[in-house]
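Student: Return atomic coordinates for the entry below.
(chains A, B and C)
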Amino acid sequence: MSSNKIDRRDFLRVLGISGAAATLAGCGNTSIESGAELVESYVQPEDFVVPGVGVYYASTCTQCGSGCGIMGRVREGRILKLEGNPKSAISGGKICGLGQAGVQMHYNPDRLTKPMLREGDGLKVVSWDKAMGVLNARLGSKSTLSGQQIAFLTGEISGHQKVLLANFLESFGSTNHVVYDALSPVVGHGANKAVYGVEQPVLQIDKARLILSFGNDFLGTGPSPVRMAAQYARFRKAPRGTLIQIEPRMTLTGANADRWYAIRPGTEGVLALGLAHSLLQHPEFAHSIPQELAAALKPYDKETVAEITGINADAIPHMASLLWEKSPSLVISGPSAEGHVHGFSNATAIHLLNLILDNRGKTLQGQANHPFPQLSPAFGSYTALAQLNQAMSAGKCEALLIMGCNPAFTAPTFVPFANNMGKVPFKVAFTTQLDETSRQCDLVLPILSPLEDFGTHVAGYQPAGVELMIQQPLMEKLYPETRGIGDILIDLLKQRKPDAYKAFPDYYAYLKTAVVKAKPVFKVKESDDDFWEDALRNGVLRLDLPPAPIDARVAAIKVSAPQATEMGMQYPFYFVPSVKADLRDGRHANLPWLQESPDPMTSVAWDSWVEIHPTTATQMQIREGDILEVQSATGSVRAKAYLFPGIQPDTVSMPVGQGHTGYGRYADGIGANPFKILDPNFDEQTGELAMYSTRVIIKKTGENAKMIKDEGPTTLQQGRKLVVTMAADQAELAKEITRVTQ
Amino acid sequence: MIQSTDEKDIEIERRFVPKAKDINDEIAWAQINKDVLRSMERPRLMYWVIFLASLALFGFGVYCEIYQYQNGLGVADLENPQVWGLYIATFIFWIGMSHSGTLLSAILHIMHADWRKPIYRFAEAMTTFSLMTAGLFVLVHLGRVWEFYYVVAYPNERWAWPNFNSPLVWDATAIGTYLTSSIVFLYFGMIPDLAICRDNAKGVRKKFYWLLSLGWQGTDRQWANFRVAYLTVACFLIPLAVSVHSIVATDFAVSQQPGWHITSFPPYFVAGALYSGCAAIITLFIVLRYVFRFEEYMTMPILDKTCRLTFAIAMVWTYLNLVEYASVWYGDDPVAKQTLLFRATGDYAAYWWAMNFLGSVVPFALAFKSLRNNIPVMLVVSLLLNLGMWLERFMIVTPTFAHGFYPWTWTDHWMPSWVQWGIVAGSFGWFSMLFMLFCKIFPTVSMYEVKEMVYHRFVARKARA
Amino acid sequence: MSLSNLIKNWSSLRVKRPYEGQYKDKDYKWAMVIDLDACTGCNACTTACYAENNLPVVGKEAFSKGQAMHWIRIERYWGEGDALPKFPERGAQFLPMLCQQCESAPCEVVCPVGATHHTPDGLNSQVYNRCIGSRYCSANCPYKVRYFNWWQYPERAWPNPLEQQLNPDVTVRSKGVMEKCTFCVQRLVEAKNRARTEGRKVEDGEVTTACAQACPTSAITFGNLADSKSQVAKMWERQQIDLAKDKQEKSDENMRGYRIFEDLRTYPSIVYMERIRDLQA
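Tutor: Sure, this is the predicted structure:
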């Protein structure tokens, strides 16, 4: 009965045995050996995949706006690690921690894998057909929306994505591309523009013999940290340059300074004017600026300046003489000088020093004028968000598209963006992972991670010539139901402008066409396909252009001292938000490597903290780990106290980026969000939010918790000779062998 | 040994037999048998209280260990650099505890100190069981306990040997040897008594003791061989005991870490070991005396002598402890000095001062006869001394990790987690459980040697008369 | 080590290491130079190490308990002695600390099972499969750069699909074993194998560690000390650091190279170059 039955498995087994027997019998003369038959592996690797061998592909890092060229190590079709791309002058083959964590954004366990549509209070997973149906109904060919009713909110964005996005908005007759960045460089750009005629001059750090930096954290959070770190390394080789940093709270750059001064927040401009006053005593500089400006500097003698800034009076002529001795120098202003009501005038006062010292053209140059300005990034600003918020509040915004930006988290409390989102009938988020903002949207579309998608980028800071950075997928997409933002936009544009876009089957085709179109600019004699292949292989299209000249507009210099306010009585402390180089405004708080990477200054990880000077802490009887309530006129947050000597004693500081409530397992419930206690103070000139002008009061809650930090109970070497310091005049750098050369 | 009662022998006896009466020499030999064998029958209720409490503690320890085994040592709140914690501290403690058994049974045996006779058996059992407990800590402490046998030099096809440079391998070897020898020594000494047990037992127990007594008949030849063998093993054991704790000391002393890199560590460790062992003997003396109604054998004069011995060792330990501090203080190593200061003034200062107080001041209670003869006081004092000695081990291990060479990795207020405490408590449970089981199964007082004592007295009295 | 090997090489196994010219005729001796004046403390090396060597992210709880697994950590000091200055006027003192690959490593002698031992090319290697987790090596390491797997990280540190990032060339360590910086031994082995196939030695610059590769200021130089023409060998020579000496005799006092805890006679393979500060500023 059943014993006679041969099922399929038995049959195969029999075949196997007889097959083996046949092989044995024919050993030495098999069809395989004779070539009549091929042995095939069950595991068929993809094309270009050699099992066990890592291959590098070039692409572009999108973790911040610097636009570093990267190389991705790919093995068995998986992206494993990112390295710097030596072909790109921006990265120079190097990479920062933030950039490397890009793989964790790609592989993040909290990534959005399917489209989601609002149903009642929650978001429900839907199919792409349905999602695109909803999108097309609202924004497709039959859309009833027009003009400024539709807004596209993004973070800093450049390249062809930006162009496509603008074209899409334009099809509605809208120019409402709102770019918002909580850490906006707009005040600095404004001041640069006013004084030098360019928004962002190129800083030739390596050419300077003295850098005087007013809170510019170019090594940590500057416009191009990797590039500037490489320049800094050259700056420190023979002849070794000197770095002086002046800021209320020590940044990473400040930690590397030869001399660091703690200054009362907001008085940087006064110090700059004091330095100018001091410099003008030198006959060499006496005529470098117009007489009336020199006269306006009169009141800024060293005693007055010392009184206002809290910096020792003797330090001012000392710094001035150093500036005079060590030429060429470079004076730069940074966010902590610019983020005040008079931030713009602070910055111009600082730039005045460059004009007096005639650093223009030596250490300060203009960025090369390049042939594709339309690809240059749009920088985010607070004012843009405030305007959008107003429009939303007035019910003028009918459709809001959001990408790469999380205002629900970063917007201050007086911009009730999250609330006003309720007044927008149709909100779409394009994102790789749900965050506080996209959780409030009606439709959330999962887009490809930057490591799966094509794109082009043009960095806002072009250190040498111009680089059009090419971003290409480093692996197949991880989730089948994710789509590139470019493809989605092309789909929509095909509905809006069928004629213009029907030639492009997809975003790839569009991008390739667009990039190849730029071939004449690069003056290469190649076929279009070769040009494109080379671009992909190199990851960068370089144009060696000379730096552009910059102006010197002395008239733009503002001479004004900060006004004392009544706030000081009620809120005795200045509040300085600090920016961690890896978490930035909090958009990277979902990356475990970065959460676990200790803050360089405090060694704290996985947490927020309040930095307070040890003498202040002693006066207030605050110990490390005491939970403090930091209260401003706007709101309050709680965090543990960290005793930090690198801070002005009237100041407390908190890092931004933590305190997420809806950004995945690694970000949620970690620390507090100081964006929410910022006071509504604005820069007089640009209207930007003055991030560093908030005043706070510190209250002890009586609770204490263990600080989550890497360092032990001591912050000193205890005589162990771990880090030995040599005086600069002793070192013979010229005799040393080094990899870093001028 | 003593076979004739001629004048010379009497002279020897006069010289060696102490004047004070250790035990009542009126006791008949049959009474001794009866009393000791009774302890194996029905003890006081306290026995079961102690036994069940030990069992419960041991059970909790096992639970902690299983929890730790499954989750990893992270549950113990160990960290970098606090990598050892209580496990190694308690390991040294138990190793130390084992030394006094050897002191009493082997060293004092050779020196003909007769007063040891009623108490050496349980001291020797204590040695064996505390060594077994210490061995457990090595296993508990290992990250991959399932690979523990890598430490042993066993033949294998990869020719992978343990690293003979490592003090841990010396440890494993020394402890293994010492444990084996201790068991052999304990067993050897018990053979005549086991024969008595055999003669008085019935049923399965008879079979059991018959097997263990190896056909002991008490013939002259057997006694002669027995004496030689026993003495040989005793002589063998003494250097082993000294070497074991010296080797444990080298675990620390060969390293360069501040607070460990001290030449006087081996004698210091041995003294500490004898000290804590003697204190433990006092504790167990009092417990057994009560639980098994051994008042006739574990007499106050014997307790008095044990206490005096303990006091002497305490002073030796105190001296060596001061030598350690002095050699660091007057030495040329600023880092070691810093660590010493940290011990005295840092996070663990309270423990350090407590350790010095308990280890060096409390033993002065043993100097007073009135206190020595007060059993409750002695129970408390002996427990305090052991607490002090445990703290000493904790203070050797922890502060060096907390405040070592590398300031970045210093720790503040590091304390072990409940899992570590649970396992340490469990080890005490395991030890006293084994010990109580031993007392129930084997004669805790050496019958034949107590009989010798009575006999000697008898002979000595006759001589005096 | 087979018995015959043991007998044959007995005399060389008995010799005190390191000795002068130990690596003179050898192919490789991997070593490093870290310029503390160039190090900005940016942590790029740390993240690179996490990516290259499959270091687990331990999470908030474990990090606060001091169980972090950073093979290379950036330390930041405010002063040399034991008194905190009011303001760190000369900036911070950053120190990238990783396994010093000591030639006479305190960890190697004490490991009971020989799980950490010296390789012929001068690495202090860690054999995970042999490690039983006694943690004696960490206890004896003066630099405290050994990290123990307190938890079963493979189960918790890489939730799907993060595990796809793991480097297939590097073992993922289970609970109960010690680990530490390997000088990216997987890269070294690959380079050596490639060179051997091509019948040559590994060239200078052909292979580097993940930290050195990432470092934006090129503060870390890695290379083969046995090759006198390599960058690293030239730097060691110019800095007048002799691998086999525990006290360097420098004819030029202004050379910045030094090794940490040299007086402990660990003979580290990493030379640090003193941080410089312009004290006139």
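
Student: Okay, and the residue positioned nearest the centre of chain C sits in which element?
Tutor: Among the residues of chain C, the one closest to the centroid is C:Cys99, at 3.4 Å (Cα atoms, centre = their mean). Using DSSP states H and E, C:Cys99 falls within no helix or strand.

Student: Share the number of residues neighbouring B:Tyr319, please.
Tutor: Neighbours of B:Tyr319 under the rule other Cβ atoms under 10 Å in any protein chain shown: 14. Bear in mind the C-beta positions are built from the backbone N, C-alpha and C, glycine included.

Student: Model confidence at A:Glu566, what's the number?
Tutor: Confidence at A:Glu566, expressed as pLDDT, is 60.

Student: Tell me which residues touch B:Cys429, please.
Tutor: For residue B:429 the amino acid is Gly, not Cys. Shown in contact with B:Gly429 (Cβ atoms under 8 Å, 6 or more residues apart in numbering or on different chains): B:53-61.

Student: Apply 7 Å and report the result again.
Tutor: By Cβ atoms under 7 Å, 6 or more residues apart in numbering or on different chains, B:Gly429 lies in contact with B:54-58, B:61.

Student: Let me know the closest of those residues to chain A.
Tutor: Using Cβ to the nearest Cβ, B:Gly61 comes nearest to chain A of these, at 27.8 Å.

Student: looking at it, the residue nearest to the centre of chain C is touching C:Glu179, isn't it?
Tutor: No - contact between C:Cys99 and C:Glu179 fails when scored by Cβ atoms under 7 Å: they sit 9.8 Å apart.

Student: how much space between the most centrally placed residue in chain A and A:Gly220?
Tutor: In chain A, the residue lying closest to the centroid (Cα atoms, centre = their mean) is A:Cys64, at 3.2 Å. Plainly put, A:Cys64 is 11 Å away from A:Gly220 if you go by Cβ to Cβ, to the nearest Å.

Student: Spatially nearest residue to whatever residue of the stretch 51-200 of chain C ends up closest to chain B, not counting backbone neighbours?
Tutor: Nearest residue of the stretch 51-200 of chain C to chain B, counting by Cβ to the nearest Cβ: C:Gly133, 1.8 Å away. Among residues not flanking C:Gly133 along the chain, B:Gly143 sits closest, at 1.8 Å (Cβ to Cβ, 6 or more residues apart in numbering or on different chains).

Student: count of residues packed around the residue in the stretch 251-400 of chain B that chain A sits nearest to?
Tutor: Using Cβ to the nearest Cβ, the single residue of the stretch 251-400 of chain B nearest to chain A is B:Pro334, 6.5 Å away. Using other Cβ under 10 Å, B:Pro334 has 12 neighbouring residues.

Student: Does stretch C:166-173 reach chain A?
Tutor: Yes - with Cβ under 7 Å from any Cβ of the partner chain as the criterion, chain A is reached by stretch C:166-173 at C:167-168.

Student: C-alpha coordinates for that stretch, PDB please?
Tutor: The C-alpha trace of stretch C:166-173 is given here as PDB (Å, rounded to 0.1, in the frame of the first residue of the first chain):
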ATOM      1  CA  LEU C 166      28.400  44.600  10.100                       C
ATOM      2  CA  ASN C 167      31.800  44.100   8.500                       C
ATOM      3  CA  PRO C 168      32.000  40.400   7.400                       C
ATOM      4  CA  ASP C 169      35.800  40.500   7.900                       C
ATOM      5  CA  VAL C 170      35.500  41.000  11.600                       C
ATOM      6  CA  THR C 171      34.000  38.700  14.200                       C
ATOM      7  CA  VAL C 172      31.000  39.800  16.200                       C
ATOM      8  CA  ARG C 173      32.000  39.000  19.700                       C
END
